[in-house]
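**Q** Return a 3D structure for these sequence lines:
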Amino acid sequence: MEKETVRIENFSDAVFAIAITLLVLDLHAPNTITVKNGTELLTFLKGEWTSYLAFTLSFFSIFIMWVNHHKIFKQIYSRNTAIMFANGLILFLVTLVSYPTALLARFFESEASNIAVAIYTGIFVLINISYNLLWFIASHNKKLLRPEITTSAIKKIRNNYLYGLPTYLIAFGISFQYPTIALIISMALLIFWAISSGKIKMIQE
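**A** Below you'll find the predicted structure:
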């Protein structure tokens, strides 16, 4: 069976690459007018820790999303209009990640930290839903999937994506009162998705 999703995957790879590159634009180096010696430079760098944290979280989030996107399209051999639009939704949301990342970097230490974290965690709720939508559409018609895939494997992949949704919702819900805890949950979810991407590989094999 010939794979029909090569163009979708190539286009998606390009969008992921651009989205992950845009994150670095929010990292700013000091100018020589405000920073004149090593001590002032260290003070500046320490003051930018929220930018480094936001960049690191978002970089690895997008990277793991790309890994999972790659794994899921190893299972999808054919495409239809619904799959193309569901994939487009994922890409749309991925390109938005840089904006809540900038908000998180600038407002995490302010009184607006709860709103900044809520927007940040909220975007990942939507991304998780979009991944679930893509797999639901693809697995609804088994003819779209690779010929060797079993019903059991389809269910395992579905459950794998569903497991993350409640945790994302919890992180989003508590971010209004406990933004730091919500961010810690987001870090834990990075580990979860890193592990789960390995599970998808094992299912594939």
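**Q** all contacts plus neighbour counts: C-alpha atoms, from now on.
**A** Noted.
**Q** For the closest residue to residue 145 other than its chain neighbours, list the residues it contacts.
**A** Across the structure, with C-alpha to C-alpha, 6 or more residues apart in numbering as the measure, the residue nearest residue 145 apart from its sequence neighbours is residue 76 (4.4 Å). Listed by C-alpha atoms under 8 Å, 6 or more residues apart in numbering, the contact set of residue 76 reads 5, 138, 144, 145, 146.
**Q** Could you give the backbone dihedrals for residue 76?
**A** With angles defined as degrees, to the nearest 10, residue 76 sits at phi -100, psi 120.
**Q** Check residue 175 too.
**A** Here residue 175 shows phi and psi, under degrees, to the nearest 10, equal to phi -60, psi -20.
**Q** Switch the contacts of residue 76 over to CSV; also include secondary structure.
**A** Supplementary listing: those in CSV, determined by DSSP: H, G, I helix; E, B strand; the rest coil:
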residue, secondary structure
5, coil
138, helix
144, helix
145, strand
146, coil
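**Q** give me every residue that touches the residue nearest to residue 98 when sequence neighbours are not counted.
**A** By the measure of C-alpha to C-alpha, 6+ apart, the closest residue to residue 98 outside its immediate chain neighbours is residue 23, 5.4 Å from it. When the contact criterion is C-alpha under 8 Å, 6+ apart, the partners of residue 23 are 55, 58, 59, 98, 101.
**Q** Any chance of CSV for those, columns pLDDT?
**A** Rendered in CSV, the data for these read as follows (pLDDT from 0 to 100):
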residue, pLDDT
55, 91
58, 91
59, 93
98, 90
101, 91
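**Q** So which of those residues sit within helices?
**A** Among the contacts of residue 23, the members falling in helices are 55, 58, 59, 98, 101 (criterion: DSSP state H).
**Q** The protein: helices as residue ranges?
**A** If you assign secondary structure with DSSP H, the helices in the chain sit at 6-22, 38-47, 49-75, 81-96, 98-107, 113-140, 151-174, 179-204.
**Q** Test for you: state the pLDDT assigned to residue 124.
**A** Residue 124 is assigned a predicted lDDT (pLDDT) of 92.
**Q** among the helices of the chain, which is nearest residue 31?
**A** If you check each of these against residue 31 by C-alpha to C-alpha, helix 38-47 wins as the nearest, at 9.7 Å.
**Q** quick one: contacts of the closest one?
**A** For helix 38-47, the external contacting residues (C-alpha under 8 Å, 6+ apart) are 30, 35.
**Q** Now that helix: buried residues?
**A** residue 41 (16 or more other C-alpha atoms under 10 Å).
**Q** what about dumping the CA coordinates of it to PDB?
**A** Output in PDB follows, covering the C-alpha atoms of helix 38-47 (Å, rounded to 0.1, in the frame of the first residue of the first chain):
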ATOM      1  CA  GLY A  38      30.600  41.000  34.400                       C
ATOM      2  CA  THR A  39      28.600  41.600  37.600                       C
ATOM      3  CA  GLU A  40      25.900  43.600  35.800                       C
ATOM      4  CA  LEU A  41      25.800  41.000  33.000                       C
ATOM      5  CA  LEU A  42      25.200  38.200  35.600                       C
ATOM      6  CA  THR A  43      22.500  40.400  37.300                       C
ATOM      7  CA  PHE A  44      20.800  40.800  33.900                       C
ATOM      8  CA  LEU A  45      21.000  37.100  33.100                       C
ATOM      9  CA  LYS A  46      19.500  36.200  36.500                       C
ATOM     10  CA  GLY A  47      16.700  38.600  35.900                       C
END
